[in-house]
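Asks: With the input below, show me the fold.
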Amino acid sequence: MDPNWELRGCCDHEQRVFLITVGVFTLAILALWRTFLLTPFKLITVFLHEASHAIACKLTCGQVEGMEVHANEGGATQTRGGIYWLILPAGYLGSSFWGMVLIIASTNPITSRIAAGCLILSLLIVLFIAKNWTLRGLCIGFIIFIAVVWVIQEFTTVRILRYIILFIGVMNCLFSVWDIYDDLISRRVHSSDAEKFAELCPCPCTGTGWGVIWGMISFIFLCAAIYFGLVILS
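Replies: Model prediction:
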């Protein structure tokens, strides 16, 4: 069956459920943004941000010496070598990209399981290079959480794994856009990835300018995730 790229006949029941769920998750995340309830999901987003730095480092033949995720929603990845101007933007854009992948994966029970398995595997790998107990605790906690949700899905009639994957995906896309705005536009953190990138890049663009560009790309990832989700469900 050919993909319905034009979304003819949109939207059927499954597509409406998908759109409504994304909308509800978005509103819930915005409403609860500054509450402790979202802290674990914010930290998993920071984890994916730092993991994206690490992946970019390895792909450019560098060495990852350690990763940290802090309770104040900050993080750091220690790298040696690699292509620095590719490693720097990989954090913000990578977390948005993984958010898009998770949103798309949530549209199907099989791909939801694959996404959950990949997330557990990545957490296990990072567990052994984590440099602080916040990150170690986050890895252990989310491995247990996803595993429990998975077991519940397999042995009961409750089917919530895909919604957990979707929530994490939406959270990643939204958090990345907010983090870019908070760090680079509203209060301009001079040690941010974009400020460092502006110092490396020969083009006349400030860290704030790069923040706007990366924010737009992150928003495009979110829109693309919704579009491809609708195409898959059509």
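Asks: Not counting sequence-adjacent ones, nearest residue to residue 193?
Replies: Take residue 193 and drop its neighbours on the chain: the residue closest to it by C-beta to C-beta, 6 or more residues apart in numbering is residue 88, 4.7 Å away. Glycine gets a C-beta too; all of them are placed from N, C-alpha and C.
Asks: Which pLDDT value goes with that neighbour?
Replies: On pLDDT, residue 88 comes in at 89.
Asks: sec struct for it, please.
Replies: Per DSSP: H, G, I helix; E, B strand; the rest coil, the secondary structure class of residue 88 is helix.
Asks: what residues does stretch 131-151 touch?
Replies: Stretch 131-151 has contacts (C-beta atoms under 8 Å, 6 or more residues apart in numbering) with 40, 43-44, 47, 66-71, 75, 78, 113, 116, 119-120, 123-124, 126-127, 130, 160-161, 164.
Asks: How far off centre is it?
Replies: Put simply, stretch 131-151 sits 16 Å off its chain's centre (C-alpha atoms, centre = their mean, to the nearest Å).
Asks: other SSEs contacting the lowest-mean-pLDDT helix or strand in the chain?
Replies: Lowest on mean pLDDT, DSSP states H and E among the helices and strands of the chain sits helix 193-200, with a mean of 80. The helices and strands touching helix 193-200, judged by 3 or more C-beta pairs under 8 Å, 6 or more residues apart in numbering; DSSP states H and E, are helix 84-105, helix 207-233.
Asks: Mind exporting the C-alpha coordinates of it to PDB?
Replies: As requested, the backbone C-alpha atoms of helix 193-200 are provided in PDB (Å, rounded to 0.1, in the frame of the first residue of the first chain):
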ATOM      1  CA  ASP A 193      26.500  25.200  23.100                       C
ATOM      2  CA  ALA A 194      25.200  27.900  20.800                       C
ATOM      3  CA  GLU A 195      27.500  30.600  22.200                       C
ATOM      4  CA  LYS A 196      30.500  28.200  21.900                       C
ATOM      5  CA  PHE A 197      29.400  27.400  18.300                       C
ATOM      6  CA  ALA A 198      29.200  31.100  17.400                       C
ATOM      7  CA  GLU A 199      32.800  31.500  18.500                       C
ATOM      8  CA  LEU A 200      33.800  28.600  16.200                       C
END
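Asks: hang on, the residue nearest to residue 193 packs against residue 200?
Replies: Yes - using C-beta atoms under 8 Å as the test, residue 88 is close enough to residue 200 to be in contact (7.3 Å).
Asks: So for those two, which sits in the more crowded spot?
Replies: Between residue 88 and residue 200, counted using other C-beta atoms under 10 Å, residue 88 has the larger neighbour count: 23 against 9.
Asks: ok, that one - contacts?
Replies: Applying C-beta under 8 Å, 6+ apart to residue 88 gives the contacts 53, 193-194, 196-197, 200.
Asks: Could I get the full set of strands for the chain?
Replies: Using DSSP state E, the strands of the chain run over 63-69, 75-80.
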